[in-house]
Structure formats: structure tokens, C-alpha cells
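In: make a model of this:
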Amino acid sequence: MSDIKQQIFQELSALEESAAKLRSVSVNAGRQTDLEVAILTEQVKSLREKNARATDMLDKTISILKKLK
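Out: Presented below is the predicted three-dimensional model:
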């Protein structure tokens, strides 16, 4: 009977270790996702700013071309 209890405790301990590793992996994956979202947000912000500048330049160019007609 003692051997069975010991085996059960060993299996529970192994299960607890596995659960702790899974929690760690989950937390790290969440952090990685947060980092990726932050990077993509900055890239989108930069692209929007560049797009706004390009639109402004095109508007100015069109205005100049219309004046030259």
C-alpha cells in the first residue's frame, strides 16, 4: 500500500511540474504577443504618418500643376 501511495505522490509531483512549465510557457507566449502587437502598432502609426505626408505632397503637386495650366 505504501508503494502505491509513493507512486501516486510521484505522479502528482510530476503533474505539478508539468503544470508549472505550461503556465510559464503561457505567460511567455502572452508577453511575446504583447511585444508583437506593440511593434505592429508602431509600424502602423509610422505608415499612417508617411501616408498623410504623401497625400499632402500629392495635393500640393496637383495644385501646382493646375496653376501651371
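In: any regions of this protein where pLDDT drops low?
Out: Residues of the chain meeting the criterion pLDDT under 70: none.
In: for burial, what's the neighbour tally of N28?
Out: Using other C-beta atoms under 10 Å, N28 has 10 other residues around it. Where C-beta positions appear, they are placed from N, C-alpha and C, glycine not excepted.
In: just give me how far the helix or strand hosting it sits from the chain centre.
Out: Using DSSP states H and E, N28 falls within helix 2-68. Centre-to-centre, helix 2-68 and its host chain are 0 Å apart (C-alpha atoms, centre = their mean, to the nearest Å).
In: what's the answer for stretch 60-69, then?
Out: 44 Å.
In: measure I62 to A54 for me?
Out: 13 Å (C-beta to C-beta, to the nearest Å).
In: over to L65?
Out: In terms of C-beta to C-beta, L65 sits 16 Å off from A54.
In: cool, and S24?
Out: 45 Å.
In: before we move on, what about K21?
Out: Relative to A54, and taking C-beta to C-beta, K21 is found at 49 Å.
In: for A20, same thing?
Out: Distance from A20 to A54, by C-beta to C-beta: 51 Å.
In: what's the answer for T33, then?
Out: T33 is 31 Å from A54, by C-beta to C-beta.
In: next one: R31
Out: 35 Å.
In: try L68
Out: Relative to A54, and taking C-beta to C-beta, L68 is found at 21 Å.
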